[in-house]
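> fold the following for me, if possible:
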Amino acid sequence: MDINDLRESIVATDSDLSGSSFSGVAMSEARFEDARMNAARFDHLDMASTIFSRTKLAHARFVNVDLSGVHIENATLADATIQNATLAGVTISDCDISGLRIDGYLVSDLIAAFRKTP
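Now for the predicted structure:
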């Protein structure tokens, strides 16, 4: 089914839209709940102020994305890799940093050494 120049809301419930393609589509304030979007591809999107709650993003890849001002709370980043990223001004607080490494250095060791320095 092709839909062109549609200017109304669509409600799809208990539907299978696998393999669908959305291009040049405005979807501001759209809601996706209890949806399976495994292996979906999102490219050239403006998702500013989007809320992801109770969402599984395990093994997701973020490439060339702007996450400026992002707030991450109660998240699991175990075994995550951050590479070639700008972390200027990033604050990490009240987090389990066991095993966290920056440029190969164990952060807990660096903090312990810093605290021992007079």
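> can we go C-alpha only for contacts and neighbour counts from here?
OK.
> for the protein, give me the ranges with low pLDDT.
The model of the chain has no residue with pLDDT under 70.
> mind running it again at 90?
1-11, 117-118 (pLDDT under 90).
> just the strands in it please.
Remark: strands assigned in the chain by DSSP state E are 101-102, 105-106.
> so which of the ones you listed comes closest to residue 84?
Closest of the strands of the chain to residue 84 is strand 101-102, at 11.8 Å (criterion: C-alpha to C-alpha).
> can you give me how far that closest one is from the chain middle?
20 Å (C-alpha atoms, centre = their mean, to the nearest Å).
> please apply the same query to stretch 10-25.
21 Å.
> take the strands of the chain and lay them out in a markdown table including mean neighbour count and distance to residue 71.
Output for the strands of the chain, formatted as a markdown table (neighbours: other C-alpha atoms under 10 Å; distance: least, C-alpha to C-alpha, whole Å):
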| stretch | mean neighbour count | distance to residue 71 |
| --- | --- | --- |
| strand 101-102 | 12 | 21 |
| strand 105-106 | 12 | 24 |
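> mind giving me CSV with those strands and columns for distance to residue 20?
As requested, the strands of the chain are exported to CSV (distance: least, C-alpha to C-alpha, whole Å):
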stretch, distance to residue 20
strand 101-102, 40
strand 105-106, 44
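> nearest to residue 115, out of the ones you listed?
strand 105-106 (14.6 Å).
> other residues contacting the closest one?
Taking contacts as C-alpha atoms under 8 Å, 6 or more residues apart in numbering, the residues outside strand 105-106 that touch it are 99, 100.
> who does that strand pair with, and is each partner parallel or antiparallel?
Here strand 105-106 is paired, per DSSP bridges, with strand 101-102 (antiparallel).
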